[in-house]
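Enquirer: generate coordinates for the sequence data below:
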Amino acid sequence: MKEVKNSNYSFEAINTSPSGLKDLAKFLSQTFKSSKFTPEYLNWMYNQNPNGGVIGFNAIMENELAGHYAVIPLGANYKNQKIKALLSVNTATGSKHQGKGLFTMLANKTYVESINLGFDIVFAVANANSIPGFIKKLNWKYIDQLDTCVSFTVPRKIESEKLDNCFTLPLSDIVSKWRLANPNFKYSKSNIGKINIIANDINYFARSIVKISEANSHDTKTLMPKINFWVGMSNSYSWNERPLMGIKIPEFLKPSPLHLIYRNLSSEILLDRTNIHFEAINFDAF
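Expert: I've put the predicted structure just below:
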C-alpha cells in the first residue's frame, strides 16, 4: 500500500450530521463539478437506507476535507442464502491531494471496518478510468461491462427460475420505497401485461427502466412511446426485438459504458455474468 507523503492528514469516520453532510456536499460538488451532491441527496443515501447507514472515512488536512470513500449496505442473496453486501458509492480526492495514496488508504480502512461489521462482499459500478485503481491497488475482480438494451418495447417474459442459483439483490417493500425516494429523480411504476416496470423519464424522448419484475396483476397501462434504456446484467429477460439495430442513437441519449466489479471481504464467492442479476435500481446512476 502506498504511504501518504504528508503526515498532516487525519482519518475520520464520515460525519453524517447536517453540518457534516453540508461540508461533504460542497467538497463532492467541487471535486466532480456536479450539482448532484446536495445535503438532501447525501442524507437520503447515507442516513435513510433501511439496510443500514453509510460506512467509510474522510481524509482531513488542516480542518478541511481532502478525500472521501463511502460504501452503503445492500440486502443480497447467493444460492438462496442471505449474505451481507455493500455498494461502493462515492470516492473522491481533492485536486490538491491527488497522488498521495489517499484513495487506497481510505478504501482499505473502509474494508477493514466492513469486515469487522460482518459484511461478505462489496460491489462497484465503475467507468473505464476508475477500474485500474480498484483492480490493481485494491484487489477487486472484474465481472463484465453492463449490458445496455435500447428498445421501444419491454421484455416479452421473465424467467425467474434462472435466478435460483444466482447472486441477486432483492428489494423489500421498505427498501424499494427508500430507493425510489432518491431526491434527484422522479420514478413511475407501470404494468405492461404480466410485466411490471419502474422507470425514470430521462427527457421527452427517452426513459430509463431501472427495474423489471413479474406483475401481481395483468392490467395494462399504456405508456407514452419513448426509447427505453435498460442497463444491467441478467439472464432472466427475453426481449421481443433486438435493440434498434441500424438506427443511429443520438449521443446525448447514450449512457456511458459501465462495468461491474466486486471484492470479497469475508467470503470466497466467484461471480461472472452467468450467475448475477443486477439492474439500475441496485446502483445510483439513474
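Enquirer: tell me which helix or strand comes right after the lowest-mean-pLDDT helix or strand in the chain.
Expert: Least confident helix or strand of the chain, by mean pLDDT, DSSP states H and E, is strand 237-239 with a mean of 72. Once the chain leaves strand 237-239, the next helix or strand it forms, by DSSP states H and E, is strand 259-264.
Enquirer: quick one: strands adjacent to whichever helix or strand comes after that following strand?
Expert: Remark: after strand 259-264, the chain's next helix or strand is strand 278-279, criterion DSSP H and E. According to DSSP bridges, strand 278-279 has the following sheet partners: strand 227-233 (antiparallel).
Enquirer: which residue ranges make up the domains of the protein?
Expert: What automatic domain parsing lists as the domains of the chain is 9-119, 146-255.
Enquirer: which one of these lies nearest to residue 266?
Expert: domain 9-119 (5.4 Å; Cβ to Cβ). The C-beta positions use only the backbone N, C-alpha and C, and glycine is treated the same way.
Enquirer: end to end on the closest one, go ahead and measure it.
Expert: Taking Cα to Cα, to the nearest Å as the measure, domain 9-119 stretches 27 Å from start to finish.
Enquirer: when you give positions from now on, start the count at 868
Expert: OK, 868 is where the count begins now, so the last one is domain 876-986.
Enquirer: which of the domains of the chain has the lowest mean pLDDT?
Expert: In terms of average pLDDT, domain 1013-1122 trails the rest of the domains of the chain, at a mean of 79.
Enquirer: roughly how far is that domain from the heart of the chain?
Expert: 16 Å (Cα atoms, centre = their mean, to the nearest Å).
Enquirer: before we move on, back to that, out of the domains of the chain, deepest packed?
Expert: Burial of the domains of the chain is given as mean neighbour count (mean count of other Cβ atoms under 10 Å); domain 876-986 ranks first at a mean of 18.
Enquirer: give me the distance from it to the chain's centre.
Expert: Remark: domain 876-986 is offset 13 Å from the chain centroid, using Cα atoms, centre = their mean.
Enquirer: sorry, back to before: kindly reformat the domains of the chain as a markdown table containing distance to residue 1150.
Expert: Output for the domains of the chain, formatted as a markdown table (distance: least, Cβ to Cβ, whole Å):
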| stretch | distance to residue 1150 |
| --- | --- |
| domain 876-986 | 6 |
| domain 1013-1122 | 9 |
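Enquirer: which stretch among these comes nearest residue 1003?
Expert: That would be domain 876-986 among the domains of the chain, by Cβ to Cβ, at 10.0 Å.
Enquirer: just checking, residue 1148 touches residue 1037?
Expert: No - contact between residue 1148 and residue 1037 fails when scored by Cβ atoms under 8 Å: they sit 10.7 Å apart.
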